[in-house]
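I'll drop the sequence and a predicted model, then ask my questions.
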Amino acid sequence: MICVGLTGGIGSGKSTVASYFKALGIPVYDSDTRAKELMQNDPFLREQITQLLGEEAYSKGGLNRKWISSRVFSDPVLLNALNGLVHPAVRTDFELWRAEQRAPYVVQEAAILLENGAYKNLDRTLLVVAPEKMRIERVVHRDNVTPTQVLKRIKHQWTDARKIPLVDFVIENTDLENTREQVEVIHRKLLEMSGSAPESFC
């Protein structure tokens, strides 16, 4: 089974691309969503995060995401320390999930797949890109935040120019219909790589 990494900067539209793979019958593991669930529900990880960030990391028993974001996105050292706790837990969880799948290939969606080196454990990597202005507009609309806040988060991620040489496929996500077509082309190529018959495409 081929494992394909799907990544892209904030607002690039990687979740949209992931939904197109799901529509083609391909299992998709959402690393960012699972990371939040593990941070919330895994006792050992909760203890580690509390030791790192303090009791305020959990409010009324729940993950205090806003407070954590305000702390780590203004402190690169703290952000790296948090990632050092969460990423190994996600990696283990992904391997358990992958073992249960029955498909020609699976997709692992993650925001910083390249930055944290996780792409080296995958067979192929796909990068979703879009103009910065469009990305900012999407996130402002989606998260009800300011453009300045979005730019601050973008600064913590690598530029597309740095990412592109490390990936196998690039999808330019500016027009949804065109994006879907790009996904379908890549899907066919991945089926060929996995040894699946072309007629598996649907």
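Perfect, I can see it now.

For His187, grab the count of nearby residues.
21 (other Cβ atoms under 10 Å). The way it works is simple: take the backbone N, C-alpha and C, and place the C-beta from them, glycine included.

make that Arg180, sorry
16.

Give me the residues contacting whichever strand or helix holds Thr148.
Under DSSP states H and E, the secondary-structure element containing Thr148 is helix 147-155. With contact meaning Cβ atoms under 8 Å, 6 or more residues apart in numbering, helix 147-155 is reached by 9-11, 73-74, 132, 135-136, 139-140, 143.

Need the contact partners of the next helix or strand after it.
Counting by DSSP H and E, the next helix or strand C-terminal to helix 147-155 is helix 160-163. With contact meaning Cβ under 8 Å, 6+ apart, helix 160-163 is reached by 7, 9, 114, 127, 129.

My read is that Leu191 contacts Pro104, right?
Yes. Judged on Cβ atoms under 8 Å, Leu191 makes contact with Pro104 at a distance of 5.6 Å.

re earlier: mind listing what's buried along the helix holding Thr148?
Judged by neighbour count using 16 or more other Cβ atoms under 10 Å, the buried positions of helix 147-155 are 150, 153-154.

In terms of distance to Leu38, which of those ranks first?
Arg153 (21.0 Å; Cβ to Cβ).

What separation do you get for the closest one and Val4?
25 Å (Cβ to Cβ, to the nearest Å).

and if you look at Val90?
From Val90 over to Val4 (counting by Cβ to Cβ), the distance is 16 Å.

Okay, Val183 and Gly11: tell me how far apart.
18 Å.

And for Asp160?
From Asp160 to Gly11 the distance is 12 Å (Cβ to Cβ).

before we move on, back to that, among the contacts of helix 147-155, which ones are in helices?
132, 135-136, 139-140, 143 (DSSP state H).

helices or strands next to the helix ranked longest in the chain in the packing?
The longest helix of the chain (DSSP H) is helix 76-99. Under the contact criterion of 3 or more Cβ pairs under 8 Å, 6 or more residues apart in numbering; DSSP states H and E, helix 76-99 touches strand 28-30, helix 31-41, helix 43-53, helix 65-72.

surely Asp93 meets Met39?
No. Asp93 is not in contact with Met39 according to Cβ under 8 Å; the separation is 11.4 Å.

and the two? which has more neighbours close in?
Neighbour comparison, Asp93 and Met39: the larger count goes to Met39, with 22 against 17 (by other Cβ under 10 Å).
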